[in-house]
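# 3D model of this:
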Amino acid sequence: MRYGRVIRAAALLGVLVWAAGCSDGDDDEARGSSSAPPTVSTPATAGTPSSSPSKPAYYDNDDNVLMAKGDCYGPPRGDEQGHAVEMPCDDPDAIGKVLKRVEEKTTLYTHPACSDSADDVLGISGDPGWEVAGSRDYYKYAVGYGYACVRNLKAPHPGEPGEGGMEIRVGDCLEASDTGDKYEEVPCEGEVLPDVKVIGEPDLDNNCPRKDDTQLTEASILNVAGLGGGPAYCARAFADL
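Below you'll find the predicted structure:
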(Lines give C-alpha, C1' and ligand atoms only; values in the text may rest on other atoms or scores of the structure.)
Protein backbone atom coordinates (compact mmCIF):
# COMPACT_ATOMS: atom_id res chain seq x y z
CA MET A 1 0.00 0.00 0.00
CA ARG A 2 2.69 2.46 0.95
CA TYR A 3 4.54 1.66 -2.30
CA GLY A 4 1.42 2.40 -4.41
CA ARG A 5 0.94 5.76 -2.73
CA VAL A 6 4.54 6.74 -3.59
CA ILE A 7 3.96 5.91 -7.29
CA ARG A 8 0.71 7.88 -7.42
CA ALA A 9 2.36 10.87 -5.72
CA ALA A 10 5.26 10.87 -8.21
CA ALA A 11 2.87 10.73 -11.17
CA LEU A 12 0.83 13.62 -9.76
CA LEU A 13 4.04 15.69 -9.27
CA GLY A 14 5.05 15.08 -12.92
CA VAL A 15 1.67 16.32 -14.16
CA LEU A 16 1.99 19.49 -12.08
CA VAL A 17 5.51 20.18 -13.38
CA TRP A 18 4.37 19.66 -16.98
CA ALA A 19 1.44 22.00 -16.50
CA ALA A 20 3.66 24.68 -15.00
CA GLY A 21 6.07 24.43 -17.96
CA CYS A 22 3.27 24.87 -20.49
CA SER A 23 1.93 27.86 -18.58
CA ASP A 24 5.36 29.56 -18.60
CA GLY A 25 5.79 29.00 -22.34
CA ASP A 26 2.38 30.49 -23.12
CA ASP A 27 3.21 33.56 -21.04
CA ASP A 28 6.55 34.04 -22.83
CA GLU A 29 4.86 33.76 -26.24
CA ALA A 30 2.26 36.31 -25.26
CA ARG A 31 4.91 38.68 -23.97
CA GLY A 32 6.99 38.23 -27.15
CA SER A 33 4.08 39.22 -29.39
CA SER A 34 3.44 42.45 -27.55
CA SER A 35 6.95 43.83 -26.94
CA ALA A 36 9.99 44.69 -29.14
CA PRO A 37 13.07 42.48 -28.97
CA PRO A 38 15.81 43.67 -26.66
CA THR A 39 18.46 45.93 -28.15
CA VAL A 40 22.19 45.88 -27.43
CA SER A 41 23.70 49.28 -26.78
CA THR A 42 27.36 50.07 -27.31
CA PRO A 43 28.80 52.16 -24.53
CA ALA A 44 30.34 55.43 -25.66
CA THR A 45 34.05 55.92 -25.19
CA ALA A 46 34.50 58.65 -22.65
CA GLY A 47 36.90 61.45 -23.50
CA THR A 48 37.16 60.68 -27.26
CA PRO A 49 35.87 63.55 -29.42
CA SER A 50 34.13 62.64 -32.67
CA SER A 51 36.28 63.43 -35.73
CA SER A 52 36.43 62.36 -39.38
CA PRO A 53 39.16 59.80 -40.14
CA SER A 54 42.31 61.00 -41.89
CA LYS A 55 42.73 60.25 -45.59
CA PRO A 56 44.22 56.82 -46.22
CA ALA A 57 47.44 56.44 -48.16
CA TYR A 58 46.92 56.44 -51.93
CA TYR A 59 47.95 53.38 -53.93
CA ASP A 60 47.76 53.17 -57.71
CA ASN A 61 48.19 50.25 -60.09
CA ASP A 62 51.74 50.91 -61.31
CA ASP A 63 53.46 48.69 -58.74
CA ASN A 64 53.98 51.72 -56.48
CA VAL A 65 56.51 53.38 -58.80
CA LEU A 66 56.83 56.91 -57.47
CA MET A 67 55.88 59.56 -60.03
CA ALA A 68 55.29 57.14 -62.90
CA LYS A 69 53.90 58.50 -66.16
CA GLY A 70 50.24 59.42 -65.68
CA ASP A 71 50.46 59.79 -61.89
CA CYS A 72 49.05 62.91 -60.30
CA TYR A 73 50.42 64.63 -57.22
CA GLY A 74 49.76 67.37 -54.75
CA PRO A 75 51.26 69.11 -51.74
CA PRO A 76 52.32 67.14 -48.66
CA ARG A 77 49.84 66.15 -45.97
CA GLY A 78 52.39 67.38 -43.44
CA ASP A 79 54.69 70.39 -43.43
CA GLU A 80 57.79 69.13 -45.27
CA GLN A 81 58.89 71.84 -47.71
CA GLY A 82 59.03 71.00 -51.39
CA HIS A 83 57.65 67.49 -50.91
CA ALA A 84 55.12 66.05 -53.39
CA VAL A 85 52.59 63.31 -52.65
CA GLU A 86 50.87 61.04 -55.17
CA MET A 87 47.08 61.24 -55.17
CA PRO A 88 44.14 60.59 -57.51
CA CYS A 89 43.91 63.03 -60.41
CA ASP A 90 40.36 63.99 -59.36
CA ASP A 91 41.42 64.82 -55.81
CA PRO A 92 40.70 68.51 -55.11
CA ASP A 93 44.25 68.87 -53.77
CA ALA A 94 45.94 67.46 -56.92
CA ILE A 95 48.01 70.09 -58.71
CA GLY A 96 49.94 68.33 -61.47
CA LYS A 97 50.35 65.23 -63.63
CA VAL A 98 53.50 63.36 -64.62
CA LEU A 99 54.23 63.49 -68.35
CA LYS A 100 57.48 61.53 -68.16
CA ARG A 101 59.74 59.92 -65.56
CA VAL A 102 63.47 59.71 -66.25
CA GLU A 103 65.77 57.29 -64.41
CA GLU A 104 68.99 59.28 -64.36
CA LYS A 105 71.31 60.47 -61.61
CA THR A 106 70.80 64.20 -61.30
CA THR A 107 72.79 67.16 -60.03
CA LEU A 108 72.05 70.84 -59.59
CA TYR A 109 73.10 71.34 -63.20
CA THR A 110 71.21 68.49 -64.87
CA HIS A 111 69.41 69.57 -68.02
CA PRO A 112 66.01 67.82 -68.01
CA ALA A 113 64.83 66.22 -71.23
CA CYS A 114 61.21 67.33 -71.02
CA SER A 115 58.68 68.17 -73.70
CA ASP A 116 57.59 71.73 -74.43
CA SER A 117 54.30 71.09 -72.64
CA ALA A 118 56.00 70.48 -69.26
CA ASP A 119 55.48 73.15 -66.61
CA ASP A 120 58.00 71.95 -64.04
CA VAL A 121 60.46 69.26 -63.03
CA LEU A 122 60.28 67.26 -59.81
CA GLY A 123 63.47 65.70 -58.51
CA ILE A 124 63.33 62.10 -57.26
CA SER A 125 65.73 60.88 -54.61
CA GLY A 126 66.10 57.98 -52.19
CA ASP A 127 66.35 54.21 -52.47
CA PRO A 128 63.87 52.14 -54.52
CA GLY A 129 60.75 51.64 -52.46
CA TRP A 130 61.64 54.59 -50.23
CA GLU A 131 61.84 57.36 -52.81
CA VAL A 132 60.65 60.91 -52.31
CA ALA A 133 59.94 63.57 -54.90
CA GLY A 134 59.72 67.32 -54.75
CA SER A 135 60.60 70.72 -56.08
CA ARG A 136 64.14 71.15 -57.35
CA ASP A 137 64.25 74.46 -55.51
CA TYR A 138 65.25 72.27 -52.55
CA TYR A 139 68.64 70.58 -52.61
CA LYS A 140 67.43 67.18 -51.43
CA TYR A 141 65.18 66.85 -54.47
CA ALA A 142 67.52 68.46 -57.01
CA VAL A 143 70.27 65.90 -56.41
CA GLY A 144 68.92 62.39 -56.72
CA TYR A 145 68.35 59.38 -58.94
CA GLY A 146 65.81 60.68 -61.41
CA TYR A 147 63.25 63.32 -62.21
CA ALA A 148 59.69 63.70 -63.44
CA CYS A 149 58.49 66.13 -66.10
CA VAL A 150 55.11 67.41 -64.97
CA ARG A 151 52.30 69.67 -66.16
CA ASN A 152 49.82 71.58 -64.03
CA LEU A 153 46.26 70.25 -64.06
CA LYS A 154 44.98 73.83 -64.28
CA ALA A 155 46.32 77.14 -65.52
CA PRO A 156 48.69 78.85 -65.20
CA HIS A 157 51.18 76.88 -67.30
CA PRO A 158 54.60 78.47 -66.71
CA GLY A 159 56.21 76.06 -69.19
CA GLU A 160 54.50 77.68 -72.15
CA PRO A 161 56.51 80.36 -74.02
CA GLY A 162 56.47 83.69 -72.24
CA GLU A 163 54.96 82.39 -69.00
CA GLY A 164 58.18 82.44 -66.97
CA GLY A 165 58.99 78.82 -66.16
CA MET A 166 60.68 75.57 -67.20
CA GLU A 167 63.19 75.45 -70.04
CA ILE A 168 64.10 78.56 -71.97
CA ARG A 169 62.76 78.60 -75.55
CA VAL A 170 61.79 81.02 -78.27
CA GLY A 171 59.17 83.46 -76.96
CA ASP A 172 60.47 83.47 -73.37
CA CYS A 173 61.52 86.65 -71.58
CA LEU A 174 64.56 87.11 -69.37
CA GLU A 175 65.74 89.47 -66.67
CA ALA A 176 69.42 90.41 -66.50
CA SER A 177 71.46 90.00 -63.34
CA ASP A 178 73.04 92.96 -61.58
CA THR A 179 76.25 92.36 -63.55
CA GLY A 180 74.30 92.20 -66.81
CA ASP A 181 76.00 89.03 -68.12
CA LYS A 182 73.58 86.40 -66.81
CA TYR A 183 69.85 86.01 -67.25
CA GLU A 184 66.92 84.41 -65.49
CA GLU A 185 63.53 83.65 -67.00
CA VAL A 186 60.58 85.81 -65.96
CA PRO A 187 57.04 86.14 -67.33
CA CYS A 188 56.75 88.44 -70.33
CA GLU A 189 53.79 90.12 -68.65
CA GLY A 190 54.17 90.73 -64.95
CA GLU A 191 55.29 93.13 -62.26
CA VAL A 192 58.90 93.04 -63.49
CA LEU A 193 59.61 94.40 -66.97
CA PRO A 194 61.86 91.88 -68.77
CA ASP A 195 65.20 92.99 -70.16
CA VAL A 196 65.29 90.74 -73.24
CA LYS A 197 63.11 88.31 -75.17
CA VAL A 198 64.26 85.17 -76.96
CA ILE A 199 63.55 85.65 -80.67
CA GLY A 200 65.27 82.65 -82.29
CA GLU A 201 68.49 80.72 -82.84
CA PRO A 202 71.76 81.90 -84.42
CA ASP A 203 72.33 81.18 -88.12
CA LEU A 204 74.83 78.68 -89.50
CA ASP A 205 77.61 81.20 -88.98
CA ASN A 206 76.56 81.53 -85.35
CA ASN A 207 75.30 85.07 -85.82
CA CYS A 208 72.09 86.66 -84.59
CA PRO A 209 69.89 88.79 -86.87
CA ARG A 210 71.09 92.07 -85.34
CA LYS A 211 74.50 92.99 -84.07
CA ASP A 212 73.06 94.29 -80.82
CA ASP A 213 71.14 91.05 -80.17
CA THR A 214 72.36 89.01 -77.20
CA GLN A 215 73.49 85.46 -77.84
CA LEU A 216 72.51 83.20 -74.98
CA THR A 217 74.53 80.12 -74.08
CA GLU A 218 74.44 77.69 -71.18
CA ALA A 219 76.83 79.94 -69.28
CA SER A 220 74.40 82.86 -69.64
CA ILE A 221 71.57 81.30 -67.67
CA LEU A 222 71.10 81.44 -63.90
CA ASN A 223 68.31 78.92 -63.37
CA VAL A 224 68.78 75.14 -63.48
CA ALA A 225 66.33 74.42 -66.30
CA GLY A 226 68.16 76.46 -68.89
CA LEU A 227 70.16 75.76 -72.02
CA GLY A 228 72.34 72.90 -70.82
CA GLY A 229 72.85 70.56 -73.75
CA GLY A 230 70.40 72.59 -75.86
CA PRO A 231 70.78 75.16 -78.63
CA ALA A 232 72.03 78.69 -78.21
CA TYR A 233 69.48 81.44 -78.66
CA CYS A 234 69.32 85.05 -79.76
CA ALA A 235 67.63 87.52 -77.44
CA ARG A 236 66.63 91.11 -78.18
CA ALA A 237 66.20 94.03 -75.81
CA PHE A 238 62.57 94.15 -74.75
CA ALA A 239 62.39 97.88 -75.48
CA ASP A 240 63.43 97.28 -79.13
CA LEU A 241 60.75 94.75 -79.96
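# what residues sit buried inside stretch 67-76?
Buried positions in stretch 67-76, judged by neighbour count with 16 or more other C-beta atoms under 10 Å: 67-68, 71-75. Quick note: C-beta positions are derived from backbone N, CA and C, even for glycine.
# quick check: the farthest pair among those residues?
68 and 75 (19.2 Å; C-beta to C-beta).
# would you list the buried residues of stretch 67-76 in CSV and tack on secondary structure, pLDDT and distance to residue 192?
Conversion of the buried residues of stretch 67-76 to CSV gives the following (DSSP: H, G, I helix; E, B strand; the rest coil; pLDDT from 0 to 100; distance: C-beta to C-beta, whole Å):
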residue, secondary structure, pLDDT, distance to residue 192
67, coil, 93, 32
68, coil, 94, 37
71, coil, 96, 34
72, strand, 96, 31
73, strand, 96, 29
74, strand, 94, 29
75, coil, 89, 26
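# dump those residues into a markdown table; add distance to residue 136 as well.
Listed next are the buried residues of stretch 67-76 as a markdown table, based on distance: C-beta to C-beta, whole Å:
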| residue | distance to residue 136 |
| --- | --- |
| 67 | 13 |
| 68 | 19 |
| 71 | 18 |
| 72 | 19 |
| 73 | 14 |
| 74 | 17 |
| 75 | 16 |
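# chain neighbours aside, what residue packs nearest to residue 129?
Spatial nearest neighbour of residue 129, excluding adjacent residues (C-beta to C-beta, 6 or more residues apart in numbering): residue 64 at 7.6 Å.
# and for that neighbour, the neighbour number?
Residue 64 has 12 neighbouring residues, counting by other C-beta atoms under 10 Å.
# give me the pLDDT value at it.
Residue 64 is assigned 76 on the pLDDT scale.
# go on, residue 6?
pLDDT, residue 6: 37.
# where does the nearest residue to residue 165 once chain neighbours are set aside land in three-state SS?
Leaving out its chain neighbours, the residue that sits closest to residue 165 by C-beta to C-beta, 6+ apart is residue 158, at 2.6 Å. Of the three states, residue 158 takes coil according to DSSP: H, G, I helix; E, B strand; the rest coil.
# list the residues that contact residue 158.
Counting by C-beta atoms under 8 Å, 6 or more residues apart in numbering, residue 158 touches 119-120, 152, 164-166, 187.
# same check, this time on residue 85
Residue 85 neighbours (C-beta under 8 Å, 6+ apart): 58, 73-77.
# gap between the residue sitting nearest the centre point of the chain and residue 210?
Among the residues of the chain, the one closest to the centroid is residue 73, at 2.1 Å (C-alpha atoms, centre = their mean). Separation of residue 73 from residue 210 (C-beta to C-beta, to the nearest Å): 43 Å.
# tell me which residues of stretch 177-186 are tucked away?
182-183, 185-186.
# check stretch 194-210 too.
194-199, 202, 208.
# residues contacting the residue nearest to the centre of the chain?
67, 84-87, 94-98, 122, 133, 150 are the contacts of residue 73 under C-beta under 8 Å, 6+ apart.
# ok, these vs residue 177, which is closest?
residue 122 (26.4 Å).
# any idea what the closest one is bridged to?
Assessed by DSSP bridges, residue 122 has beta-bridge partners residue 135, residue 148.
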